[in-house]
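A.B. asks: Return a 3D structure for these sequence lines:
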Amino acid sequence: MKHLLKYQQNTVQVDLIREHFNNQKMLSQINIQIRLMQQVNLIQQDLKSKCWSIYQPLYNMGLQQSQWFSIQFYKIKFHYGNNTLVHIK
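C.D. replies: Predicted coordinates:
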């Protein structure tokens, strides 16, 4: 009986530790998502201020699609600098 009780206590401790790590992992994922959304937001604002005709189709897109497009734009801009022309087909 004593052995069983000790086993249960250890199990609870392991579960708590596991839960803590899972929470940390989830927090880390949430922080990554927030940073990504902030970057996308900044890129969208940048696009909007530079050229409304480019931004307007983005504005009418769904959130996921516009985030994907903004990230692509960011990658292109990062690779080729500010001389990039973006064409929306």
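A.B. asks: Where does the prediction get shaky in this protein?
C.D. replies: 1-12, 47-67, 69-70, 72-89 (pLDDT under 70).
A.B. asks: at 50 what do you get?
C.D. replies: The chain contains residues with pLDDT under 50 at 84, 86-89.
A.B. asks: Check the burial of Ile43 by counting its neighbours.
C.D. replies: If you count neighbours by other Cβ atoms under 10 Å, Ile43 ends up with 20. C-betas here are computed from N, CA, C, even on glycine.
A.B. asks: Quickly note the distance from it to Phe21.
C.D. replies: 33 Å (Cβ to Cβ, to the nearest Å).
A.B. asks: and what of Gln13?
C.D. replies: Using Cβ to Cβ, one obtains 13 Å as the distance from Gln13 to Phe21.
A.B. asks: Repeat that for Asn41.
C.D. replies: Counting by Cβ to Cβ, the gap from Asn41 to Phe21 is 30 Å.
A.B. asks: Asn31 sits in which helix or strand?
C.D. replies: In the assignment (DSSP states H and E), Asn31 maps to helix 2-50.
A.B. asks: Fine, thanks again, bye for now.
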